[in-house]
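Engineer: quick one, structure for this:
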Amino acid sequence: MNIEKIILSNFKCFGKEPTNIRLESDLTCFVGNNGSGKTTLILALRRLFGVTREERTVIRDDFHLEPNESYQDIDGRELYIEVVFSFPELDGDMQAARETCPAFSSIIFADDRGKLKARMRLEALWDQTEYEDEVQSKLYPPHAMQMCLGLTLWVWEIVLL
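Structural biologist: You can find the predicted model right below:
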């Protein structure tokens, strides 16, 4: 199983226009200039797969702000983080996929080339209320946390000065 693609919209430094980040199956690190989004990408993965509630909770500061915006200007802003998994080791065998990955069995699908995939998406809405700021979030599929409890992410970041 690999993370094939990460799509971010309105998350931290990634703006409203969705940003698609394709990962190679043998990717071992993110390399880029300061401010290019490496840490934000890792934080996005933590929002989906974090072990603690704090790691999985979307907060107001996670929402993208344009340079001239303030949080008072963005009431009702939505963000999403989406991950597409691929299963190259199962080579298009849907039955084997369902048996091998029971946690993903209800969401595995074959793309137009017969490659097996699964998709997970976190959506959040920031709502400024009279008394406090509130972030509402939903994770699709709803049982995604149970299927990721055993997943460990090892991510190394190299910062170029």
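Engineer: ends of stretch 83-98, what's the gap?
Structural biologist: Stretch 83-98 has its terminal residues 19 Å apart, counting by Cα to Cα, to the nearest Å.
Engineer: residues of that stretch that come out buried?
Structural biologist: By 16 or more other Cβ atoms under 10 Å, the buried positions in stretch 83-98 come out as V83, V84, F85, S86, F87, L90, A97. Where you see a C-beta, it was placed from the backbone N, CA and C, and this is true even at glycine.
Engineer: select the longest helix from the chain.
Structural biologist: helix 38-49 (DSSP state H).
Engineer: show me what that one is packed up against.
Structural biologist: Helix 38-49 is packed against strand 2-9, strand 29-33, helix 53-56, strand 78-86, strand 116-128, helix 144-148, strand 156-160, with contacts defined by 3 or more Cβ pairs under 8 Å, 6 or more residues apart in numbering; DSSP states H and E.
Engineer: so for the buried residues of stretch 83-98, which is the shakiest by pLDDT?
Structural biologist: Lowest pLDDT within the buried residues of stretch 83-98 is found at A97 (77).
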